[in-house]
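1. okay, here's the prediction I keep looking at, along with the sequence it came from:
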Amino acid sequence: AQSVTQPDIHITVSEGASLELRCNYSYGATPYLFWYVQSPGQGLQLLLKYFSGDTLVQGIKGFEAEFKRSQSSFNLRKPSVHWSDAAEYFCAVGAHSGTYKYIFGTGTRLKVLA
Amino acid sequence: DTGVSQNPRHKITKRGQNVTFRCDPISEHNRLYWYRQTLGQGPEFLTYFQNEAQLEKSRLLSDRFSAERPKGSFSTLEIQRTEQGDSAMYLCASTSPDKWETQYFGPGTRLLVL
């Protein structure tokens, strides 16, 4: 069955520090992978996506993610975190056929210390 | 491109009442999705429309839930005889015909059932 695991429920980093949010997926083929960010009370904003090709993808707001097939992972990274990055981050797998619906992880809440 | 809009943004109702939410997708987006997000969880797929046809419904969508997209544009999600367990954020997303892999989300409707 398709699934997404985000093992870290909460992460706290200091402003200016680097960040890595983990995502592991289970999918029968090469998945479509996404990272979304959600600020309190808001909808989801797409940060970046991976479909094929270069396994290191760049997104908005200085984020990047690396697809590692051997580890079934798609971790999100940022070299220097800003206070405005505090939010909840969701990793998702998109189905290849049929409805193309998404399966989301449970999210990682990021807190940034000044 | 004005984005996906949802109304109302917040709804408080008493148990047993009926509620209806509206989603207006991005213009010319033919696919529309509804998701439900409870506290501390990622969004979960509820249902999917391609144009006016409802092509898939999740097991999460009990008989008290009904969704429509009568003219292939906006969509409504109705919950009859609401229960406290229906309290959640209801998210709508849409995709374009040529970029069906990427879903654009609205701000959501937060429902509180007392």
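-> Arrived safely.
2. how many residues are close by residue B:10?
-> Residues near residue B:10, counting by other CB atoms under 10 Å in any protein chain shown, number 11. Every C-beta, even on glycine, is put in place using the N, C-alpha and C of the backbone.
3. now it, what are its backbone angles?
-> phi -140, psi 140 (degrees, to the nearest 10).
4. residue contacts, the closest residue to residue B:32 other than its chain neighbours?
-> Leaving out its chain neighbours, the residue that sits closest to residue B:32 by CB to CB, 6 or more residues apart in numbering or on different chains is residue B:49, at 4.5 Å. With contacts defined as CB atoms under 8 Å, 6 or more residues apart in numbering or on different chains, the neighbours of residue B:49 are B:31, B:32, B:33, B:55, B:67, B:69, B:72, B:75.
5. from the residues you listed, which land in strands?
-> Judged by DSSP state E, the subset of those located in strands is B:31, B:32, B:33, B:55, B:67, B:75.
6. now those in a markdown table, with distance to residue B:100?
-> Formatted as a markdown table, these follow (distance: CB to CB, whole Å):
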| residue | distance to residue B:100 |
| --- | --- |
| B:31 | 6 |
| B:32 | 12 |
| B:33 | 11 |
| B:55 | 13 |
| B:67 | 19 |
| B:75 | 17 |
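7. of all the residues you listed, which comes closest to residue A:79?
-> residue B:33 (33.2 Å; CB to CB).
8. around the closest one, count how many other residues there are.
-> There are 25 residues near residue B:33, going by other CB under 10 Å.
9. not counting its neighbours along the chain, what's nearest it?
-> In space, residue B:33 is closest to residue B:93, 4.4 Å off (CB to CB, 6+ apart).
10. give me the below-cutoff pLDDT ranges for the chain.
-> This is for chain A. For chain A, no stretch has pLDDT under 70.
11. that answer is for a different chain, and I need it for chain B
-> For chain B, the ranges with pLDDT under 70 are B:1.
12. show me the contacts for the residue in it positioned nearest to chain A.
-> Of all residues in chain B, the one sitting closest to chain A is residue B:42 (3.2 Å; CB to the nearest CB). If a contact means CB under 8 Å, 6+ apart, then residue B:42 has A:4, A:90, A:92, A:104, A:105, A:106, A:107 as its contacts.
13. try it again at 6 Å.
-> A:90, A:104, A:105, A:106, A:107 (CB atoms under 6 Å, 6 or more residues apart in numbering or on different chains).
14. restricted to buried residues, select the residues you listed in ChimeraX.
-> The ChimeraX selection below is limited to those of these classed as buried (16 or more other CB atoms under 10 Å in any protein chain shown):
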select /A:90,104,105,106,107
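15. what about residue A:60, neighbour count?
-> 10.
16. my bad, should have said residue B:4
-> Neighbours of residue B:4 (other CB under 10 Å): 22.
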